[in-house]
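K.L.:
this is a predicted model, with the sequence first.
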Protein chains: 2
Amino acid sequence: MKGLGELERSIMDILWAENGPLTAREVGRLIADRDLAPTTVMTVLDRLTRKGFLTRTRDGRAWRYEPAASRDAYVAELMLEALEMTGDRSAALQRFAQAVSGSEAEILRRALTELEE
Amino acid sequence: MKGLGELERSIMDILWAENGPLTAREVGRLIADRDLAPTTVMTVLDRLTRKGFLTRTRDGRAWRYEPAASRDAYVAELMLEALEMTGDRSAALQRFAQAVSGSEAEILRRALTELEE
DNA sequence: ACTACCTCTCTACAAGACGTAGTACTACGC
DNA sequence: GCGTAGTACTACGTCTTGTAGAGAGGTAGT
């Protein structure tokens, strides 16, 4: 999986935060603080679609864009991908376990416990 | 933390696999399959040092390069960084927990249990 | 129908990262 | 002193990303 640039990330954040699919124009309005040309937003949406991060469907002349996967799925995938990188997965997992803060360790523990059942 | 390119990764892999620090020449020999110019190896070692992935110490005229952190630490850091990205960390952690295979879930569980003690 | 406007697709360009390497200088061994 | 190893500096092509303009083709108001 490829990474995302900064603007790409901002736009994904907007779409992840939204329930339904948005048009380029709507995304542009939501990202108004950056004052981007409409075509800029369109270009990035297009690239994200080509990279597989978004899907789009027609709505009249316009496209509506929507994340192909949830942010959580994306994050989990990134984590797994990092994990792929090492020969010694257990060592990395142990380090990771030590690094997560207490409350998160608790969440993980609970998630793992549920798996068992 | 920045990511690594392909050649950079190969070189980090070599150094991570090694116990002691290596010179550019030694790295070049170990990566012989790619038939790179010696200066190419040196350049990449230099860049990795500047990025903080390697440390180097003098050995006569030559430098000896060594990873600044273990591969496991790097992997764990990447995982944490991915986790930073989401607003809802627990959702991502739950997904992650579901995605790791059984034996790895076991390792994680054990690592988390040890933390408790 | 004319005009204004919206949206799309295509193309472009600058900056930075990365793979790759040459050049020029220095120091050491023989 | 000559060859060799090693360094620092510079360079260049390619790809990615942020940014956007140009042109085409609808749509709607007057």
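P.N.:
Nice, I can see it. Numbering: from 1, shown residues only, chains lettered A, B, ... in the order given.
K.L.:
A:Leu80 sits in which helix or strand?
P.N.:
helix A:71-84 (DSSP states H and E).
K.L.:
and whatever helix or strand comes next after that helix, anywhere near chain B?
P.N.:
The first helix or strand that comes after helix A:71-84 along the chain, using DSSP H and E, is helix A:89-99. Yes. Residues of helix A:89-99 contacting chain B under CB under 8 Å from any CB of the partner chain: A:Arg89, A:Ser90, A:Ala91, A:Ala92, A:Leu93, A:Gln94, A:Arg95, A:Phe96, A:Ala97, A:Gln98, A:Ala99. Just so you know, the C-beta spots here come from the backbone N, C-alpha and C atoms, and that holds for glycine as well.
K.L.:
what comes up buried for helix A:89-99?
P.N.:
A:Arg89, A:Ser90, A:Ala91, A:Ala92, A:Leu93, A:Gln94, A:Arg95, A:Phe96, A:Ala97 (16 or more other CB atoms under 10 Å in any protein chain shown).
K.L.:
what angle sits between that helix and helix B:89-99?
P.N.:
160 degrees (axes from the mean of the first three to the mean of the last three CA atoms, to 10 degrees).
K.L.:
who are the packing partners of the helix or strand that helix A:89-99 is followed by?
P.N.:
Later in the chain than helix A:89-99, the nearest helix or strand by DSSP H and E is helix A:102-116. Helix A:102-116 sits against helix B:89-99, helix B:102-116, with contacts defined as 3 or more CB pairs under 8 Å, 6 or more residues apart in numbering or on different chains; DSSP states H and E.
K.L.:
so can I have a markdown table of those helices showing distance to DNA strand D and mean pLDDT?
P.N.:
Supplementary listing: the helices and strands packed on helix A:102-116 in a markdown table, determined by distance: least, CB to the nearest atom of the strand, whole Å; pLDDT from 0 to 100:
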| stretch | distance to DNA strand D | mean pLDDT |
| --- | --- | --- |
| helix B:89-99 | 21 | 91 |
| helix B:102-116 | 29 | 85 |
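K.L.:
ok, back up a step: for the buried residues of helix A:89-99, which one is nearest A:Asn19?
P.N.:
A:Phe96 (31.9 Å; CB to CB).
K.L.:
was I right to think that closest one contacts B:Leu80?
P.N.:
Yes. Using CB atoms under 8 Å, A:Phe96 is in contact with B:Leu80, at 7.1 Å.
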